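Peer 1: next input, structure requested:
(2 chains)
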Amino acid sequence: MAKEGGPELKPKTLRQAGERVWLETLNLLAEYGTLVVFSAAEILAEALRHNVQDAAGNTAILVAEIVTAGTMIVPKAIRAISDILQLILFAGHDVIYAARHGTRRPSESGAKGRQNRPGATT
Amino acid sequence: MTMAASFERGNHHLAIRARWNWRLEGDSLKNLVFSIVLALPFALLWDSGAAFAVGIAWAVAYVVLAAVPTAIYVLMMFDAGRVLAGKTAGFMPVFIAMGRRGRKVGVASRHPVLAALAGLGVAGNPLSSVTRELWILAFRFNPDALDEMNAVSRRMEVELDRTGVAQQLIAAELKEVPRHRATLELVTC
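Peer 2: Numbers count the residues shown, from 1 in each chain, chains lettered A, B, ... in the order given. Predicted coordinates:
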């Protein structure tokens, strides 16, 4: 697996890289998978509702649709907007840092990294 | 740091995040199921006769069941907006302190049926998931607010303990607040 001039990738590192792909997928599914699934369910329910003649049955589907939108779709949309905003702010922060200092902004994790996030007060 | 060590550290963090994300998904699904079960009888209002009467009775019961949790969720959302705008949370520290005390000292003479109804009112409130997401958004853009809120609630808890007010004022709904806060802390890390 050794690439000429590059670092040698050991089996353990490869396994960990595979594990990372799996974990990232799990996180993505948890954060956005349900948004996609429930949005599709909402469209299907709306199509179904127009074929139901009974007033109470029609309203029951409408109530379920409203509750689903309130508990699953709107919250997930807020998370998605939050992710996009965070991405834009971080990228913007990086660009401003690079323009001011002429170097790339150092990446920091943990408490110090949190302090350096856009919006942090300390 | 070697590449393997770097991967190991990152993967560990991702695994924690995935676990808590899925736990939050479970909470959202539970919220969806309970909310639909509680809201579906409203459809009876579009029927006639006895079904309509049952619908009216259900609407009254729903208002009673949802009034207190809805008020708490609205205040929590208002606070999330304040934290997002970089201001200090006003109600959350009080809720956390009272909830924490409630968990420690317990609430005297709670009727099992009323306690179950109160729990249903919290779990089946459609505002639950929205409130949580607003807090995640607020903590992401104001990470210091978490420590600040925690410190204020600790001080309030001591004060509530000293005055003995906690036992009289704690509503069953508030006991749920610290649990949700702990989850938020882990997801926004």
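Peer 1: just how off-centre is the longest helix belonging to chain B within its chain?
Peer 2: If you go by DSSP state H, chain B has its longest helix at helix B:3-39. Distance, stretch centre to chain centre, for helix B:3-39: 16 Å (C-alpha atoms, centre = their mean, to the nearest Å).
Peer 1: now do the following helix or strand past it, average pLDDT.
Peer 2: Toward the C-terminus, helix B:3-39 is succeeded by helix B:50-84 as the next helix or strand (DSSP states H and E). Here helix B:50-84 scores 91 as its mean pLDDT.
Peer 1: pull out the buried positions in helix B:50-84.
Peer 2: B:55, B:58, B:62, B:65-66, B:68-70, B:72-73, B:75-77, B:79-80, B:82-84 (16 or more other C-beta atoms under 10 Å in any protein chain shown). Bear in mind the C-beta positions are built from the backbone N, C-alpha and C, glycine included.
Peer 1: residues in contact with the residue nearest in space to the middle of chain A?
Peer 2: Central residue of chain A (C-alpha atoms, centre = their mean): A:Glu31, 5.1 Å from the mean position. A:Glu31 sits next to A:76, A:79-80, A:83, B:21 when contact means C-beta atoms under 8 Å, 6 or more residues apart in numbering or on different chains.
Peer 1: out of the residues you listed, the closest to A:Arg100 would be?
Peer 2: For the contacts of A:Glu31, the minimum distance to A:Arg100 (C-beta to C-beta) is 26.0 Å, reached by A:Asp83.
Peer 1: excluding its backbone neighbours, what's nearest the closest one?
Peer 2: Excluding the flanking residues, the one nearest A:Asp83 by C-beta to C-beta, 6 or more residues apart in numbering or on different chains is A:Glu31, at 7.6 Å.
Peer 1: show me the shaky parts of chain A.
Peer 2: Applying pLDDT under 70 to chain A flags the ranges A:1-9, A:107-122.
Peer 1: please repeat the previous calculation with a cut-off of 80.
Peer 2: Within chain A, the ranges that satisfy pLDDT under 80 run A:1-13, A:86, A:89-94, A:97, A:103-122.
Peer 1: helices of that one, start to end?
Peer 2: Using DSSP H, helices in chain A cover A:11-28, A:34-49, A:55-68, A:74-101, A:110-115.
Peer 1: most tightly surrounded among these?
Peer 2: Highest mean neighbour count of these: helix A:55-68, a mean of 18 (counted as mean count of other C-beta atoms under 10 Å in any protein chain shown).
Peer 1: pull the residues that contact that helix.
Peer 2: Here helix A:55-68 makes contact (C-beta under 8 Å, 6+ apart) with A:38, A:41-42, A:45-46, A:48-49, A:52, B:32, B:35-36, B:39-40, B:42-47, B:51, B:126.
Peer 1: can you do 6 Å?
Peer 2: A:38, A:42, A:45, A:49, A:52, B:35-36, B:39-40, B:42-43, B:46-47, B:126 (C-beta atoms under 6 Å, 6 or more residues apart in numbering or on different chains).
Peer 1: go on, stretch B:14-33?
Peer 2: A:23, A:26-27, A:30, A:71-72, B:128-129, B:186-187.
Peer 1: closest to B:Asn11 out of those?
Peer 2: A:Leu23 (6.0 Å).
Peer 1: ok, now how distant is the closest one from B:Arg103?
Peer 2: 33 Å (C-beta to C-beta, to the nearest Å).
Peer 1: ok, residue 42 - contacts?
Peer 2: Picked chain A for this. A:Glu42 touches A:Glu65, counting by C-beta under 6 Å, 6+ apart.
Peer 1: chain B was what I was after
Peer 2: Contacts were defined as C-beta under 6 Å, 6+ apart; by that measure B:Phe42 touches A:Val63.
Peer 1: again with the one 3 residues further on
Peer 2: Contacts for B:Leu45 were tallied using C-beta under 6 Å, 6+ apart; they are B:Gly55.
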